[in-house]
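Student: Give the three-dimensional model of this entry:
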Amino acid sequence: MQIYKVGGAVRDRLLGIPVTDIDRVVVGATTEEMLAKGFKPVGADFPVFLDPKNGDEYALARTERKSGRGYGGFVFHASPDVTLKEDLMRRDLTINAMAEDDDGNLTDPYHGQQDLEARILRHVSPAFAEDPLRVLRVARFAARYAGLGFSIAPETLELMRQLSESGELEALTPERSWKEISRALMEDQPQVFIQVLRDCHALKTLLPEVDALFGVPQPEAHHPEIDTGVHTLSVLEQAARHGQPLTVRWACLMHDLGKALTPVDKLPRHIAHEQKGLKLIKAVNERFKVPKDCQELALLVGEYHTHGHRALELKASTLLELLQSFDVYRRPQRFEEFVVACEMDARGRKGFEQRSYPQADYLRKAALVARGVAVAPLLEKGFKGPALGEALKRERLNALKAYKAQHPL
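Tutor: As a prediction, the model looks like this:
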């Protein structure tokens, strides 16, 4: 029995970046031998075991062959006869197909170290094209390592293109797709993930609503980059640069979907694109079974982001309605995420990246003003039930009018 570190642990050590996850492969062992040593089985599809002492994961060396459509359409074969080289061959990229023993000796049959040095993401074997999930994985790695100068080998991009056009992507489950999309959005350069999906023709299958934004013009005065798709990528880039959470990044990707529905004769203006986009955002949320917090923020940002940009111009009554829509009294964090999403939208325009966004502080302070209206004095005056709600609303409106008077345009 021989044990090796494989995949990301080896790759990231060679890149000189922190290793966060260690995968191990066991060559020359049987399931029975692992159980006899006290390892606990966890793999339903193939033999994976946990070390009871520390929870580390060990997988028996295995091969795989295509048996059906999609990510799960494979038959796995694990036995003591499977060699390390055979196990590494089933992996996606050469930089993920290296192994290291306890003494630090490297096994690199597919020249992963060479591709690391050349900053190339290259597939290990033609079997790459059998697994549609690899389209998303490679796009995610491109987003993770773009800052280090990595690019996708042309022949690998061509295989990704073939996979995208084969119909195999449609066999991916919503849960598996969302797992890759959400992980990719949290990488250093998530806009690269979307661009790679577009380059290999996968975006039109996975996110046709986003793909449709490319080539749609916007008024140059407000959007020097003109193209709505380019703008969307820039907004996502800003969200990552400012360390925003997944909720905000998802909302940034979704916020302008309605612009793809603007009639050609109305371009480059996009009247009521906020409302038009809501049905598209809902469709995407439902298709990928997106978590509720991401769903809610995406819809709210889609509907109200132009309110955010016009915050200083809004009447006090409109400002109050905006705050009410976010339930800012019980969920202040959601409104904060809306504010930063609006700021990322404003900065995601060519030449506007460093421009100040006074609307953000104005909205934050308005929320504090509205939330600061005390209920106790109204209760002391005898208000209760619906009358209390109306009185509270009047007091908040008066407070916002006073606040607005202190901040004239």
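
Student: Around residue 328, how many other residues sit close by?
Tutor: By the criterion of other C-beta atoms under 10 Å, residue 328 has 22 neighbours. Where C-beta positions appear, they are placed from N, C-alpha and C, glycine not excepted.

Student: quick check, it in a helix?
Tutor: No - assessed by DSSP: H, G, I helix; E, B strand; the rest coil, residue 328 does not belong to a helix; its assignment is coil.

Student: Run through the residues that contact it.
Tutor: Neighbouring residues of residue 328 by C-beta atoms under 8 Å, 6 or more residues apart in numbering: 334-335, 367, 370-371.

Student: ok, so what distance separates it from residue 322?
Tutor: The spacing between residue 328 and residue 322, counted by C-beta to C-beta, to the nearest Å, is 9 Å.

Student: could you list every residue that touches the closest residue to residue 326 other than its chain neighbours?
Tutor: Spatial nearest neighbour of residue 326, excluding adjacent residues (C-beta to C-beta, 6 or more residues apart in numbering): residue 335 at 4.3 Å. Residue 335 makes contact with 323, 326, 328, 363, 367 under the criterion C-beta under 8 Å, 6+ apart.

Student: before we move on, what about residue 177?
Tutor: Neighbouring residues of residue 177 by C-beta under 8 Å, 6+ apart: 136, 206, 288.

Student: ok, the last one touching residue 181?
Tutor: The one in question is residue 288. Yes - between residue 288 and residue 181 there is a contact under C-beta atoms under 8 Å: 6.8 Å.

Student: what element comes up after the helix or strand of the chain with the lowest mean pLDDT heading to the C-terminus?
Tutor: Least confident helix or strand of the chain, by mean pLDDT, DSSP states H and E, is strand 74-78 with a mean of 70. Downstream of strand 74-78, the next assigned helix or strand under DSSP states H and E is helix 84-89.

Student: Buried ones in that following helix, by neighbour count?
Tutor: 84, 87-89 (16 or more other C-beta atoms under 10 Å).

Student: Compare the contacts of residue 335 and tell me which has the most neighbours.
Tutor: When neighbours are counted by other C-beta under 10 Å, residue 363 leads these with 25 neighbours.

Student: Just the element for it, please.
Tutor: Going by DSSP H and E, residue 363 is in helix 359-371.

Student: residues making contact with that helix?
Tutor: So helix 359-371 is contacted by 308-312, 319-320, 323, 328-329, 332, 335-336, 339-340, 342-343, 346, 396, 399-400, 403, 407 (C-beta under 8 Å, 6+ apart).

Student: Buried subset of the residues you listed as a PyMOL selection?
Tutor: The buried residues among these can be selected in PyMOL (16+ other C-beta under 10 Å) with this line:
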select buried, resi 308+309+311+319+320+323+328+332+335+336+339+340+342+343+346+396+399+400+403
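
Student: And residue 330, its phi and psi?
Tutor: Main-chain dihedrals, residue 330, degrees, to the nearest 10: phi -100, psi -20.

Student: which residues of the chain fall in strands?
Tutor: 2-6, 23-27, 40-41, 48-50, 57-60, 62-66, 74-78, 99-100, 106-107, 120-121, 151-152 (DSSP state E).

Student: Export those strands to JSON lines and append columns for distance to residue 247 and mean neighbour count.
Tutor: Formatted as JSON lines, the strands of the chain follow (distance: least, C-beta to C-beta, whole Å; neighbours: other C-beta atoms under 10 Å):
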{"stretch": "strand 2-6", "distance to residue 247": "34", "mean neighbour count": "19"}
{"stretch": "strand 23-27", "distance to residue 247": "29", "mean neighbour count": "19"}
{"stretch": "strand 40-41", "distance to residue 247": "35", "mean neighbour count": "12"}
{"stretch": "strand 48-50", "distance to residue 247": "32", "mean neighbour count": "19"}
{"stretch": "strand 57-60", "distance to residue 247": "30", "mean neighbour count": "19"}
{"stretch": "strand 62-66", "distance to residue 247": "36", "mean neighbour count": "16"}
{"stretch": "strand 74-78", "distance to residue 247": "34", "mean neighbour count": "16"}
{"stretch": "strand 99-100", "distance to residue 247": "38", "mean neighbour count": "22"}
{"stretch": "strand 106-107", "distance to residue 247": "40", "mean neighbour count": "15"}
{"stretch": "strand 120-121", "distance to residue 247": "29", "mean neighbour count": "22"}
{"stretch": "strand 151-152", "distance to residue 247": "29", "mean neighbour count": "20"}
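
Student: buried ones in the longest helix seen in the chain?
Tutor: The single longest helix within the chain, with elements called by DSSP state H, is helix 385-405. Going by neighbour count (16+ other C-beta under 10 Å), the buried part of helix 385-405 is 391-392, 395-397, 399-400, 403-404.
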